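Chemist: Mind folding the following:
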Amino acid sequence: MATIKQLHDKILSRFHIGIEYQQIYDSKNSRIDLLKGSLEGVGLKDNETLILKHSGLHDWAACLVFADSVTQKKPDHLKAKFAKQGSKILIHLENCEFFATYPTFADKFVELSTVFDRFIIGVEESIKIAVGSYFRKYFANEALSITFSPKPDTGAQGGFIVHVADADYFVKNHTFMGRGSAHSRVDKREIFVYRLLQFIGVGADAHFIPSAYSRCYTSALALHIATKRVQGFQKKRALRSACPFTDEHQMRLDLIRNLLYLGDLNSRNYGLDDKHQLIIIDFVVLPQESCIHSATLFGQRLDHPSLNMIIKNWKLLENFTKATESIANDCKRMESIIWRDGYDKYLKVVLENIKLLNNML
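Modeler: Residues are numbered from 1 along each chain as shown. I've put the predicted structure just below:
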């Protein structure tokens, strides 16, 4: 004769709902999961229909209430309070595999994460905790001294400066608050570009820090990017005649812009280092629909001798592979991040661009 315990075990095996989260109702809407003994002993009849629910449904309903509250006209401190409560519930629901039971709620989960993130992810203290935790682990020194200061020029996506291990890193919060869940996800294309620019010597040493390093809040939609200060860097608009930004520098910039489909490359987001080499410190990757390979992408043949040699020294094919492998390794420690679609398609187009450029040399 089947027992309540056996029913619990069968539900766990079939639907992967932990026993502590199972709510089982009989045809009279009475809960039987709280009872003990045989199914017959608790009054169940043969072929009686049972209703199974995940106990997290009540928490899910509370989340919807908190999400509605933060979008209403209320004082900011109340919105922040409601957002934190809602976020805690979402984390709990994720941990008890609520969304595996109700996969149709997944899109709503992403949407609610975005709503709450607007009031939590931007909180500097949370970001600083994540950044500090990351660098202490990176340098294997829990006692490492880390200080923060405002970033005087916020560039494409804002941020601040962290001082650690005798170096400065510029930190920005990579989170998109666009309409719809897909636009709120982290763009892996951007972190790939950071790594490729670093490898070809046109970018800074970059570190990618998920909010999971923060003890106070974790979001699948938050990623912080820390780039090391470039020795002797001067932005184009601040360059003096002793260190001019030449036509050749501009040609390199235009090549990279077209090669990787970069935007927001205004004069404060690039310049020269202490060796007069081009450095790009901030940018955005254009929308995927704008990333189209073309045989005329780079215009006329590249006949400038020094530019030709610089492109060869970039070793684009080799560093493309190196960058993709590096990002793949980075992503292993960022498993919680929800990535925006289009990364593989973008890599394919960039690779076609690299091959075209190499054939023009």
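
Chemist: who does the helix or strand containing R14 touch, helix- and strand-wise?
Modeler: Secondary structure from DSSP states H and E places R14 in helix 4-15. Counting contacts by 3 or more CB pairs under 8 Å, 6 or more residues apart in numbering; DSSP states H and E, helix 4-15 is packed against strand 22-25. For glycine as for every other residue, the C-beta is placed from the backbone atoms N, C-alpha and C.

Chemist: Mean confidence (pLDDT) on the strand it packs on, please.
Modeler: Confidence for strand 22-25, expressed as mean pLDDT, is 89.

Chemist: Report the buried residues of that strand.
Modeler: Q22, Q23, I24 (16 or more other CB atoms under 10 Å).

Chemist: Over to stretch 54-67?
Modeler: Applying 16+ other CB under 10 Å to stretch 54-67 flags H54, G56, L57, D59, W60, C63, F66, A67 as buried.

Chemist: Looking at those residues, spot the one nearest H77.
Modeler: Comparing those against H77 with CB to CB places F66 closest, at 14.6 Å.

Chemist: before we move on, what SS does the closest residue to that closest one other than its chain neighbours have?
Modeler: Among residues not flanking F66 along the chain, G86 sits closest, at 3.4 Å (CB to CB, 6 or more residues apart in numbering). Three-state assignment for G86 (DSSP: H, G, I helix; E, B strand; the rest coil): helix.

Chemist: Please tell me I have it right and G86 contacts F119.
Modeler: No - using CB atoms under 8 Å, G86 makes no contact with F119, being 9.3 Å away.

Chemist: more neighbours, those two?
Modeler: The neighbour comparison of G86 against F119 (other CB atoms under 10 Å) goes to G86, with 26 against 20.

Chemist: Test for you: state the pLDDT assigned to the more buried one.
Modeler: So, for G86, pLDDT stands at 92.

Chemist: ok, now how distant is it from S336?
Modeler: Distance, G86 to S336, using CB to CB, to the nearest Å: 18 Å.

Chemist: quick one on the thing from earlier: check the contact lists of G86 and F119 and give me the overlap.
Modeler: V70 (CB atoms under 8 Å, 6 or more residues apart in numbering).

Chemist: ranges for the helices of the protein?
Modeler: 4-15, 56-70, 76-95, 98-101, 106-120, 124-138, 181-184, 188-199, 247-260, 305-314, 316-332, 343-359 (DSSP state H).

Chemist: and the longest one, what does it pack onto?
Modeler: The one in question is helix 76-95. By 3+ CB pairs under 8 Å, 6+ apart, helix 76-95 packs against helix 56-70, helix 106-120.

Chemist: Tell me what angle the last one forms with helix 56-70.
Modeler: In terms of direction (axes from the mean of the first three to the mean of the last three CA atoms, to 10 degrees), helix 106-120 departs from helix 56-70 by 50 degrees.

Chemist: what's the spacing between helix 106-120 and its chain's center?
Modeler: 14 Å (CA atoms, centre = their mean, to the nearest Å).

Chemist: Now do the buried residues in that helix.
Modeler: The neighbour-count check on helix 106-120 (16+ other CB under 10 Å) flags K108, F109, V110, L112, S113, T114, V115, F116, D117, R118, F119, I120 as buried.

Chemist: Count the residues that sit near the nearest residue to H207 once chain neighbours are set aside.
Modeler: Nearest residue to H207, sequence neighbours excluded (CB to CB, 6+ apart): A226, at 4.3 Å. Each residue near A226 was counted by other CB under 10 Å, and the total is 23.

Chemist: What ranges in the stretch 51-200 of the chain fall below the confidence cut-off?
Modeler: 118, 121-123, 152-158, 175-184 (pLDDT under 70).

Chemist: The stretch 201-350 of the chain now?
Modeler: Counting by pLDDT under 70, the ranges of the stretch 201-350 of the chain that qualify are 214-219, 238-243, 300-303.

Chemist: quick one: contacts for K79?
Modeler: Contacts of K79 (CB under 8 Å, 6+ apart): S69, V70, F119.

Chemist: doesn't S87 make contact with the second one?
Modeler: Right, the one you point to is V70. No - counting by CB under 8 Å, V70 sits too far from S87 to count as a contact (10.4 Å).

Chemist: Give the intersection of the neighbour lists for the two.
Modeler: F116.

Chemist: So what's the gap between the longest strand seen in the chain and the chain middle?
Modeler: Criterion DSSP state E: the longest strand present in the chain is strand 167-174. How far strand 167-174 lies from its chain's middle: 15 Å, per CA atoms, centre = their mean.
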